[in-house]
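Novice: take a look and give me a structure for this.
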Amino acid sequence: TLQLRIKDRRDEEAEADVVAAIALGRRYNARLFINDYWRLAIKHQAYGVHLGQEDLQATDLNAIRAAGLRLGVSTHDDMEIDVALAARPSYIAL
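Specialist: Residues are numbered from 1 along each chain as shown. Prediction:
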(Lines give C-alpha, C1' and ligand atoms only; values in the text may rest on other atoms or scores of the structure.)
Protein backbone atom coordinates (compact mmCIF):
# COMPACT_ATOMS: atom_id res chain seq x y z
CA THR A 1 0.00 0.00 0.00
CA LEU A 2 1.32 3.42 -1.01
CA GLN A 3 0.24 7.00 -0.47
CA LEU A 4 0.99 9.82 -2.91
CA ARG A 5 1.45 13.11 -1.06
CA ILE A 6 1.48 16.30 -3.08
CA LYS A 7 1.08 19.58 -1.23
CA ASP A 8 0.08 23.09 -2.24
CA ARG A 9 -0.68 22.52 -5.91
CA ARG A 10 -3.88 23.08 -7.83
CA ASP A 11 -5.59 19.99 -9.25
CA GLU A 12 -4.44 20.88 -12.77
CA GLU A 13 -0.82 21.03 -11.60
CA ALA A 14 -1.00 17.72 -9.70
CA GLU A 15 -2.96 15.72 -12.26
CA ALA A 16 -0.02 14.39 -14.31
CA ASP A 17 1.71 13.12 -11.16
CA VAL A 18 -1.51 11.49 -9.93
CA VAL A 19 -2.03 9.76 -13.29
CA ALA A 20 1.58 8.53 -13.35
CA ALA A 21 1.40 7.25 -9.77
CA ILE A 22 -1.85 5.39 -10.43
CA ALA A 23 -0.30 3.78 -13.52
CA LEU A 24 2.73 2.66 -11.49
CA GLY A 25 0.50 1.33 -8.75
CA ARG A 26 -1.42 -0.75 -11.25
CA ARG A 27 1.77 -1.95 -12.92
CA TYR A 28 3.14 -3.25 -9.61
CA ASN A 29 -0.20 -4.31 -8.16
CA ALA A 30 0.07 -1.74 -5.34
CA ARG A 31 -2.84 -0.15 -3.51
CA LEU A 32 -2.36 3.56 -4.05
CA PHE A 33 -4.04 6.17 -1.87
CA ILE A 34 -4.02 9.73 -3.18
CA ASN A 35 -3.57 12.28 -0.40
CA ASP A 36 -6.08 15.17 -0.52
CA TYR A 37 -6.76 15.21 -4.29
CA TRP A 38 -10.00 13.25 -4.03
CA ARG A 39 -11.50 14.54 -7.28
CA LEU A 40 -8.44 13.36 -9.23
CA ALA A 41 -8.48 10.05 -7.38
CA ILE A 42 -12.08 9.51 -8.49
CA LYS A 43 -11.46 10.74 -12.04
CA HIS A 44 -8.51 8.40 -12.56
CA GLN A 45 -9.79 5.51 -10.41
CA ALA A 46 -7.16 5.32 -7.70
CA TYR A 47 -7.48 2.63 -5.05
CA GLY A 48 -8.27 5.17 -2.36
CA VAL A 49 -8.08 8.66 -0.91
CA HIS A 50 -6.34 9.79 2.28
CA LEU A 51 -7.64 12.92 4.02
CA GLY A 52 -6.56 15.01 6.96
CA GLN A 53 -9.08 16.23 9.50
CA GLU A 54 -9.15 19.68 7.93
CA ASP A 55 -10.19 18.18 4.58
CA LEU A 56 -13.14 16.08 5.75
CA GLN A 57 -15.73 18.85 5.77
CA ALA A 58 -14.86 20.11 2.27
CA THR A 59 -14.86 16.65 0.69
CA ASP A 60 -17.76 14.80 -0.91
CA LEU A 61 -17.43 11.52 0.99
CA ASN A 62 -20.48 10.11 -0.79
CA ALA A 63 -18.79 10.66 -4.17
CA ILE A 64 -15.71 8.80 -2.93
CA ARG A 65 -17.84 5.88 -1.76
CA ALA A 66 -19.96 5.87 -4.94
CA ALA A 67 -16.77 5.63 -7.00
CA GLY A 68 -15.73 2.56 -5.01
CA LEU A 69 -12.61 4.18 -3.53
CA ARG A 70 -11.33 3.41 -0.04
CA LEU A 71 -10.94 6.19 2.50
CA GLY A 72 -8.14 6.79 4.99
CA VAL A 73 -8.22 9.57 7.59
CA SER A 74 -5.45 11.09 9.73
CA THR A 75 -5.97 11.56 13.46
CA HIS A 76 -4.00 13.03 16.34
CA ASP A 77 -6.21 12.58 19.40
CA ASP A 78 -9.37 10.90 20.70
CA MET A 79 -11.68 13.63 19.41
CA GLU A 80 -10.25 13.34 15.90
CA ILE A 81 -10.65 9.56 16.06
CA ASP A 82 -14.36 10.06 16.78
CA VAL A 83 -14.64 12.46 13.82
CA ALA A 84 -12.81 10.00 11.58
CA LEU A 85 -15.01 7.09 12.64
CA ALA A 86 -18.10 9.08 11.68
CA ALA A 87 -16.74 9.19 8.12
CA ARG A 88 -16.65 5.35 8.03
CA PRO A 89 -13.07 5.08 6.72
CA SER A 90 -11.27 1.97 5.53
CA TYR A 91 -8.46 2.89 7.91
CA ILE A 92 -7.43 5.52 10.42
CA ALA A 93 -3.87 6.83 10.66
CA LEU A 94 -2.86 7.53 14.25
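
Novice: lowest-confidence helix or strand of this protein?
Specialist: Using mean pLDDT, DSSP states H and E, helix 53-56 stands out as the lowest-scoring helix or strand of the chain, at a mean of 94.

Novice: which element is the most centrally placed residue in the chain on?
Specialist: The centroid of the chain falls nearest to Val49 when counting by C-alpha atoms, centre = their mean (1.5 Å). For Val49, the host element (DSSP states H and E) is strand 48-51.

Novice: packing partners for that strand?
Specialist: Helices and strands touching strand 48-51, by 3 or more C-beta pairs under 8 Å, 6 or more residues apart in numbering; DSSP states H and E, are strand 32-35, helix 38-43, strand 70-74. C-beta here means a position set from N, CA and C on the backbone, and glycine is covered the same way.

Novice: contacts only, for the residue nearest to the centre of the chain.
Specialist: 33-38, 41-42, 59, 64, 69-72 (C-beta atoms under 8 Å, 6 or more residues apart in numbering).

Novice: circling back to that earlier point, what does the least confident helix or strand of the chain contact?
Specialist: Asp36, Trp38, Val73, Ser74, Thr75, His76, Glu80, Val83, Ala84, Ala87.

Novice: dump these into TSV; add pLDDT as well.
Specialist: Formatted as TSV, the contacts of helix 53-56 follow (pLDDT from 0 to 100):
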residue	pLDDT
Asp36	96
Trp38	98
Val73	98
Ser74	97
Thr75	98
His76	97
Glu80	97
Val83	96
Ala84	97
Ala87	96
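
Novice: if we can go back for a sec, for the strand holding Val49, give the mean pLDDT please.
Specialist: Computed over strand 48-51, the mean pLDDT rounds to 98.

Novice: burial of Glu12, as a residue count?
Specialist: Neighbourhood size, Glu12 [other C-beta atoms under 10 Å]: 8.

Novice: give me the element it is part of.
Specialist: Using DSSP H and E, Glu12 sits within helix 11-27.

Novice: in that helix, what's buried?
Specialist: Using 16 or more other C-beta atoms under 10 Å as the test for burial, helix 11-27 gives Ala14, Glu15, Val18, Ala21, Ile22, Gly25.
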